[in-house]
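1. structure, please.
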Amino acid sequence: ADRKINVGENIYFDQDNYLKVIEQNENIFKLKFNFSREHLFSLLNKYGTMPIPPYLKKSSLSRDELLEKYQTIFAKTDGSSAAPTASLHFTDEVFKKLEKRGIERLFVTLHVGMGTFAPITDENIKQKKLHEEYYEIDRNTLKYIEINRNKGKKLVAVGTTVTRTLESVARQKQLSLLSKTDLFIFPPYNFKMIDVMITNFHLPKSSLMMLVEAFLQNKKAKKSLVELYNIAIKNNFRFYSFGDAMLIL
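-> Next comes the predicted model:
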């Protein structure tokens, strides 16, 4: 149950494992573990529940079913606050059909942060920065992207987090395999790496909508994002994580 947490309190997983609240900055808390970082994930797997969007809270699925359903089929690494939802549309069958058409796929590791779902603040606009998110990209993946782009092939980003990640990489002078970004993409914006985007229909007042609108403007689209959303609403498209997706060419 929700309750107030104070600096100095301990939060217990069990009698042997707990977190101590050592600092609070508005709604962000800094915690100190009395156990190893590696042990944290085993405790979360044992006692935690799958974090899912508020509109799915009444789901009849069990905890184990949610762990399977609210996840991409190719997820491997722990550390993300939520699934990158645009890629929830992909199944093994879809991948097989793409392979038959000669469409190759590459992967990046996304550590989606809770800030992804936060509304835009005046501070974001003033500093032109967003929440930080960590990501990992293999250097061979980046080389392969560059080779194919030089051949005239188009790079399709599945989701706004992938888009933000690759656009951040394109602006870095030195690349490390593990990095973080606070890039805020809003109109007007000159996309340096992404040619095509697949994305969900997003919540109002979010940074995600601003990113998609920036991409539409960059592609010189005839309709704005709001106009496209009005068409989607009129035609009873499904919004949010398990809804419909849009392809921007």
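
2. just the pLDDT for the closest residue in space to Lys128 that isn't next to it in sequence.
-> Nearest residue to Lys128, sequence neighbours excluded (C-beta to C-beta, 6 or more residues apart in numbering): Phe184, at 5.3 Å. For every residue, glycine as well, the C-beta is placed using N, CA and C. Looking at Phe184, its pLDDT is 92.

3. name the helix or strand of this protein that has the lowest mean pLDDT.
-> helix 63-69 (a mean of 78; mean pLDDT, DSSP states H and E).

4. contacts for that one?
-> Thr49, Met50, Ile52, Ser59, Leu61 (C-beta atoms under 8 Å, 6 or more residues apart in numbering).

5. in it, what counts as buried?
-> Under the neighbour-count criterion of 16 or more other C-beta atoms under 10 Å, helix 63-69 has Leu66 buried.

6. check the offset of that helix from the chain's centre.
-> Chain-centre distance of helix 63-69: 19 Å, with C-alpha atoms, centre = their mean, to the nearest Å.

7. over to stretch 93-113?
-> Distance, centroid of stretch 93-113 to centroid of chain: 16 Å (C-alpha atoms, centre = their mean).

8. tally of neighbours for Ile22?
-> 12 (other C-beta atoms under 10 Å).

9. just to be sure, it is in a strand?
-> Yes: checked against DSSP: H, G, I helix; E, B strand; the rest coil, Ile22 lies within a strand.

10. how about Arg171, phi and psi?
-> For Arg171, the backbone dihedrals (degrees, to the nearest 10) come out as phi -100, psi 0.

11. residues contacting the closest residue to Thr91 other than its chain neighbours?
-> Excluding the flanking residues, the one nearest Thr91 by C-beta to C-beta, 6+ apart is Ile73, at 6.4 Å. When contacts are counted by C-beta under 8 Å, 6+ apart, Ile73 touches Phe90, Thr91, Asp92.

12. now do the SS call for Ile73.
-> Per three-state DSSP, Ile73 ends up coil.

13. how close does it get to Ser60?
-> 22 Å (C-beta to C-beta, to the nearest Å).

14. can you check Ile52 too?
-> 13 Å.

15. the two: which is more packed in?
-> The neighbour count for Ile52 versus Ser60, taken as other C-beta under 10 Å, is higher for Ile52 (17 against 5).

16. give me the neighbour count for the residue nearest to Lys128.
-> When neighbours are counted by other C-beta under 10 Å, Phe184 comes out with 19.

17. hmm, it is touching Glu132, no?
-> No: using C-beta atoms under 8 Å, Phe184 is not in contact with Glu132, being 11.1 Å away.

18. show the contacting residues for Gln24.
-> By C-beta under 8 Å, 6+ apart, the contact set of Gln24 is Ile5, Val7, Lys30.

19. quick check, nearest of the contacts of helix 63-69 to Thr116?
-> Ile52 (14.3 Å; C-beta to C-beta).

20. this structure: strands as residue ranges?
-> Along the chain, counting by DSSP state E, strands occupy 10-12, 18-25, 28-33, 109-111, 129-136, 156-158, 178-183, 196-200, 245-248.

21. direction included, what does the second one pair up with?
-> Translated: strand 18-25. Paired strands of strand 18-25, with direction, are strand 10-12 (antiparallel), strand 28-33 (antiparallel) (DSSP bridges).

22. correct me if wrong: Thr85 contacts Asn200.
-> Yes: here Thr85 reaches Asn200: they are 5.4 Å apart, a contact under C-beta under 8 Å.

23. identify the bridge partners of Glu23.
-> Beta bridges link Glu23 to Lys30 when assigned by DSSP bridges.

24. how much space between it and Leu43?
-> Separation of Glu23 from Leu43 (C-beta to C-beta) stands at 21 Å.

25. ok, those two, which is more surrounded?
-> Leu43 (15 against 10).

26. that one is in contact with Asn34, isn't it?
-> No: counting by C-beta under 8 Å, Asn34 is not a contact partner of Leu43; they are 11.2 Å apart.
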